[in-house]
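Student: could you look at this predicted model? Sequence included:
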Amino acid sequence: MRKLKRKLCLFALDVETTSIWHNTLRDATGLTVANEAIPSLIDLFHELNISTTFFVTGYFAKKFPAAVKLLHENGFEIGSHSLYHNKENGHDVTDLSTQKEHLRISKDILEELTGEKVISFRAPALRVNNHTALALAETGYLIDSSIASQRFDFFFSFGGTNKLKWLTAPRLPYRTDQNSLFKKGNGQIVEIPLSAYIFPYLGTTMRIFPGLTKLQHYIVHLENKVTSKPVVFDFHPNELVDESNETRKIANRSGNLISYFIKDYLRSKLKQKNLGENAMRLYTREIKYFIERNYEFVSMKEFLSSNEFKF
Ligand SMILES: [Zn+2]
């Protein structure tokens, strides 16, 4: 078994058909992700010698199988980002049997395309509930990366109540409870939490507040020196898609006007910053910060088999 260093980066990506510009799911955006964003990320990762995981929705994989095959052929781990990415199918609002069904179908689609076992999962919009740990275990998964320990979203995202449990979730990777991904236990699933310090350390923050992210990666690096906590950064290939030349209407996914204003309108206005080439430039900057400090970039699967942490 390959011995990994303790300075580890897991820069896993979420692949889906979400258009950030239009604030909705859109096959046309998925097509650009498949044909442009994914190939340019493969080039970047080869150039910088990055190993990582792509969490792909079953829906995306069905629509754009060649892109998933390309990722697999280039040596990247394929994980599941569930079957659908819409709010109604979120893993925080669905029951055990629905979650199991979506986990199983997405796993089957991805395994058929790659010929390899899918063991890693990240929930769409990081939305999970108290059925998700069991649903994952019963469908053959081993790793989850949907918990952002000590992240606080204020009112800016859907699934607010469950996400309050992030505040008390452990920071270092841990074996989860059988019935909760938010706490330690003897369950089957190992949690690899996303990096956060109240604000999440991920692509969206990086694009909206590039200055804050410079402070974040400095703190992430300091924490690694003290506790060896791996750096877990979440990026989406669709952040490389610039659709700002297209006219749009910000979709209302909320039930009332106040919620629409905060969770759809305001959030969408913020999230559209630095899409496309700027996102690629900022993302490359994040990766290089850790390369210069001798971090090794690994996939979720490589992390689990590394024996680096005792679960
Ligand atoms: Zn997603």
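Tutor: The structure has been received and is ready for your questions.

Student: leaving out chain neighbours, which residue sits closest to Trp21?
Tutor: Glu243 (4.0 Å; Cβ to Cβ, 6 or more residues apart in numbering). Placement of C-beta: from N, CA and C, glycine included.

Student: report the secondary structure state of that neighbour.
Tutor: Reduced to three states with DSSP: H, G, I helix; E, B strand; the rest coil, the structure at Glu243 is coil.

Student: with the one 3 residues further on instead?
Tutor: Of the three states, Glu246 takes coil according to three-state DSSP.

Student: where does the residue lying closest to it once chain neighbours are set aside land in three-state SS?
Tutor: Distances taken as Cβ to Cβ, 6+ apart place Trp21 nearest to Glu246, at 6.7 Å, with adjacent residues excluded. Following three-state DSSP, we place Trp21 in the coil state.

Student: Trp21 and Ser244, how far apart?
Tutor: 6 Å (Cβ to Cβ, to the nearest Å).

Student: comparing these two, which shows the higher neighbour count?
Tutor: Taking neighbours as other Cβ atoms under 10 Å, Trp21 and Ser244 compare with Trp21 leading, 22 against 10.

Student: check whether that one really touches Gln272, as I assumed.
Tutor: Yes - counting by Cβ atoms under 8 Å, Gln272 is a contact partner of Trp21 at 5.7 Å.

Student: any common contacting residues for these two?
Tutor: Taking Cβ atoms under 8 Å, 6 or more residues apart in numbering as the criterion, Trp21 and Gln272 both touch Ser244.

Student: close to the ion: what parts of this structure are there?
Tutor: Applying Cβ under 5 Å from the ion, we find that the chain lies next to the ion at Asp14, Glu16, Pro124.

Student: among those residues, which ones are in strands?
Tutor: Among the residues of the chain next to the ion, the ones falling in strands (DSSP state E) are Asp14.

Student: so who does the residue in the chain that the ion sits nearest to touch?
Tutor: The ion sits closest to Asp14 of the chain, with a gap of 3.9 Å, by Cβ to the ion. Taking Cβ under 8 Å, 6+ apart as the criterion, Asp14 is in contact with Phe54, Phe55, His81, Arg122, Pro124, Asp234, Phe235, His236.

Student: got JSON lines for those residues, with secondary structure, pLDDT and neighbour count too?
Tutor: Listed next are the contacts of Asp14 as JSON lines, based on DSSP: H, G, I helix; E, B strand; the rest coil; pLDDT from 0 to 100; neighbours: other Cβ atoms under 10 Å:
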{"residue": "Phe54", "secondary structure": "strand", "pLDDT": "98", "neighbour count": "25"}
{"residue": "Phe55", "secondary structure": "strand", "pLDDT": "98", "neighbour count": "28"}
{"residue": "His81", "secondary structure": "coil", "pLDDT": "98", "neighbour count": "29"}
{"residue": "Arg122", "secondary structure": "coil", "pLDDT": "98", "neighbour count": "27"}
{"residue": "Pro124", "secondary structure": "helix", "pLDDT": "96", "neighbour count": "25"}
{"residue": "Asp234", "secondary structure": "strand", "pLDDT": "95", "neighbour count": "25"}
{"residue": "Phe235", "secondary structure": "strand", "pLDDT": "94", "neighbour count": "23"}
{"residue": "His236", "secondary structure": "coil", "pLDDT": "96", "neighbour count": "21"}
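
Student: which two of those have the greatest separation?
Tutor: Largest separation among the contacts of Asp14 by Cβ to Cβ: Pro124 and Phe235, giving 15.0 Å.

Student: what's stretch 276-289 in contact with?
Tutor: By Cβ under 8 Å, 6+ apart, the residues outside stretch 276-289 that reach it are 9, 11, 40, 44, 48, 50, 203, 206-207, 210, 213, 217, 221, 233, 235, 239-242, 244, 274, 297.

Student: which parts of that stretch are buried?
Tutor: Gly276, Ala279, Met280, Leu282, Tyr283, Glu286, Ile287, Tyr289 (16 or more other Cβ atoms under 10 Å).

Student: among these, which one lies nearest to Ile258?
Tutor: Proximity of the buried residues of stretch 276-289 to Ile258 (Cβ to Cβ) peaks at Ala279, which lies at 29.8 Å.

Student: spatially nearest residue to the closest one, not counting backbone neighbours?
Tutor: In this structure, Ala279 finds its nearest non-sequential neighbour in Glu239, 4.4 Å apart by Cβ to Cβ, 6+ apart.
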